[in-house]
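>>> Got a sequence here, can you model it:
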Amino acid sequence: MTGEREWVPRTDAARIAQRLRERREASGMTQPELASKVGVARLTYVHWERGRLPGTLATATVNALEAALQVPQGWLLRHGMLPLPELGFDAANAAPHESGRDLLQARIPRARCQELGPHARRLREELGLTVAEVARACAVSHPTLSQWEQATFPKVLTAQRLRAWERALLLAPGELLAPPASHPRVCDGRWRVLIEAQTLEAAIHGVAACLATRGRNLVRPEQPLDKAASRNADLLGHRYGIGAHRNWPVVDVALSYGMARADVHKAVARLIARSAQFAFEIPVLDSIIGAGGFSSASAAVDDRVRDLAGPSLSMARAAAFADEILSRQTTGCPGRPPALISVRR
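You can find the predicted model right below:
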């Protein structure tokens with residue numbers, strides 16, 4: 001080393017170039033990306049990988065190359081270094097100086113990417129989602145996601161893109177890198193859906209949205225329901241005496257949507273039948289049952305039951321919801337469920 005520069009022996013140029021190229025490709029970076037990280041021109045870096053290295057390199061440049069390639073100091077120019085193990089990706093153990101943005105843009109090693117495709121396809125199929133639905137949730141094209149599932153990655157994944165893929169498959173962070181044997185949100189062919197709400201009335205709205213979209217709102221929670229799904233969710237809410245049209249007779253609800261009354265009945269019946277595809281977990285419902293159940297007497301003496309039910313939900317409708325949607329008979333249920341959207345309020 002002379003001053004702040006490192007000697008690059010001419011006889012070692014080919015070896016150094018090979019190390020640079022192989023490690024960069026293993027890390028999933030392109031030549032322009034690595035050049036940008038190191039602070040040199042793209043063409044300059046291209047020359048280095050072709051073996052056209054200068055007689056010396058600035059020490060700062062060598063250090064920057066080794067940091068970007070995640071190798072020990074001295075690895076690039078030293079003779080006789082053993083090959084490094086394959087790059088891994090562990091955001092939790094990333095260097096402390098990396099910013100959150102750097103972590104999001106970190107590349108998943110190409111070899112790891114190729115392992116993801118078949119696992120992701122299996123988990124998607126367990127959920128019953130189409131390629132197009134997952135692609136939209138990932139903000140990529142249908143052909144791109146198809147390539148990913150076939151273990152073909154024209155560009156390696158960033159951590160940010162990987163997390164979007166996991167969210168689209170209803171997976172927790174890291175579950176696609178270490179895929180489970182079966183989808184954790186699917187049990188006996190049914191989606192397990194946790195509905196967290198302060199009141200059972202609000203929980204019913206959540207269940208209605210899930211059924212109206214066949215669970216697709218869970219994949220893209222930031223997207224509002226489309227017109228048809230919003231209508232169907234409202235129809236199911238009306239079944240239990242809640243929602244924008246809770247006080248309307250069914251004929252008026254049908255007219256407001258330009259539907260025949262019989263079609264409203266059919267739409268709601270389809271949603272109730274669809275509930276068999278889901279296993280809803282509703283903590284607020286458990287709290288109501290633990291506080292005395294749905295009997296009118298319990299609600300009268302226990303204000304907490306009334307508060308947990310919500311301002312518009314009657315005990316009879318709450319019991320009907322538990323029976324019809326959750327297939328859960330509750331103690332103290334007042335009589336038979338009301339007829340399909342036929343009760344005037």
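>>> before we move on, what SS does A279 have?
Under DSSP: H, G, I helix; E, B strand; the rest coil, A279 falls in the strand class.
>>> which ones are touching it?
C187, R190, W191, R192, V193 (CB atoms under 8 Å, 6 or more residues apart in numbering). C-betas here are computed from N, CA, C, even on glycine.
>>> Selecting buried members of the residues you listed in ChimeraX, what would you type?
Of the contacts of A279, the buried ones go into a single ChimeraX selection, burial set by 16 or more other CB atoms under 10 Å:
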select :191,193
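>>> Need the contacts of A279 in TSV (columns: distance to D226, pLDDT and secondary structure).
Shown next, in TSV, are the contacts of A279 (distance: CB to CB, whole Å; pLDDT from 0 to 100; DSSP: H, G, I helix; E, B strand; the rest coil):
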residue	distance to D226	pLDDT	secondary structure
C187	28	86	strand
R190	24	91	strand
W191	20	92	strand
R192	25	90	strand
V193	20	91	strand
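>>> Let me have the contacts of A279 in CSV, extended by distance to E66.
Shown next, in CSV, are those (distance: CB to CB, whole Å):
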residue, distance to E66
C187, 48
R190, 51
W191, 47
R192, 46
V193, 48
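>>> between the contacts of A279, which is closest to I282?
V193 (9.1 Å; CB to CB).
>>> Against L285, how distant is that closest one?
Applying CB to CB, to the nearest Å, the value for V193 to L285 is 13 Å.
>>> State which helix of this protein is the longest.
In the chain, taking DSSP state H as the definition, the longest helix is helix 110-127.
>>> Show me what that helix packs onto, helices and strands only.
helix 13-27, helix 142-149, helix 159-168 (3 or more CB pairs under 8 Å, 6 or more residues apart in numbering; DSSP states H and E).
>>> and the last one, what does it pack onto?
By that I understand helix 159-168. So helix 159-168, by 3+ CB pairs under 8 Å, 6+ apart, packs with helix 100-105, helix 110-127, helix 131-138.
>>> mind checking which of those helices is nearest F278?
F278 lies closest, by CB to CB, to one member of the helices and strands packed on helix 159-168: helix 110-127, at 11.6 Å.
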